[in-house]
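Peer 1: no sequence on hand, only this structure:
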């Protein structure tokens, strides 16, 4: 199993809400539970981010370890689906 994490700005703008919706839909379509981290939080995964949004795919057994795959910047549902499939193949 994998864990997908979207690290983005607080949900204060339409862009963040739209990307969260795309990410959420792509994750649930592949039966992957999405996780959301605010870049301003104390979550250690937010400290790794230089570009928002950033999507990390982790091995579910090590949610704070090295990411299996990542995507930086804006994305489409197809890009997130491909990222999740790549992460699943690496577990």
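Peer 2: That came through, no problem. Here the structure is a predicted model, which is why all the values come from computation and not from measurement.

Peer 1: quick one: the strands in this protein, in order.
Peer 2: Using DSSP state E, the strands of the chain run over 2-8, 34-38, 54-59, 69-72.

Peer 1: tell me the strands beside the last one, with direction?
Peer 2: Spelled out, that is strand 69-72. strand 54-59 (antiparallel) (DSSP bridges).

Peer 1: centre of the chain to the partner strand, how far?
Peer 2: 5 Å (C-alpha atoms, centre = their mean, to the nearest Å).

Peer 1: switch the strands of the chain over to TSV; also include mean neighbour count and mean pLDDT.
Peer 2: From N, CA and C alone the C-beta is placed, and that goes for glycine too. Formatted as TSV, the strands of the chain follow (neighbours: other C-beta atoms under 10 Å; pLDDT from 0 to 100):
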stretch	mean neighbour count	mean pLDDT
strand 2-8	23	95
strand 34-38	17	93
strand 54-59	22	96
strand 69-72	18	96
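
Peer 1: how about stretch 75-85: buried residues?
Peer 2: For stretch 75-85, the neighbour count (16 or more other C-beta atoms under 10 Å) marks 75, 80-81, 83-84 as buried.

Peer 1: likewise for stretch 15-32?
Peer 2: Across stretch 15-32, burial judged by 16+ other C-beta under 10 Å covers 16, 19-20, 22-24, 26-27, 32.

Peer 1: can you give the distance from it to the centre of its chain?
Peer 2: 9 Å.

Peer 1: repeat for stretch 83-91
Peer 2: Distance of stretch 83-91 from its chain centroid, counting by C-alpha atoms, centre = their mean, is 13 Å.

Peer 1: my guess is residue 74 meets residue 22, correct?
Peer 2: No: in this structure residue 74 lies outside contact range of residue 22 using C-beta atoms under 8 Å: 9.5 Å.

Peer 1: burial of residue 65, as a residue count?
Peer 2: Residues lying near residue 65 (other C-beta atoms under 10 Å) number 9.

Peer 1: elements contacting the lowest-mean-pLDDT helix or strand in the chain?
Peer 2: Lowest by mean pLDDT, DSSP states H and E among the helices and strands of the chain is helix 14-29, with a mean of 91. Using 3 or more C-beta pairs under 8 Å, 6 or more residues apart in numbering; DSSP states H and E as the contact test, the elements touching helix 14-29 are strand 2-8, strand 34-38, helix 77-90.
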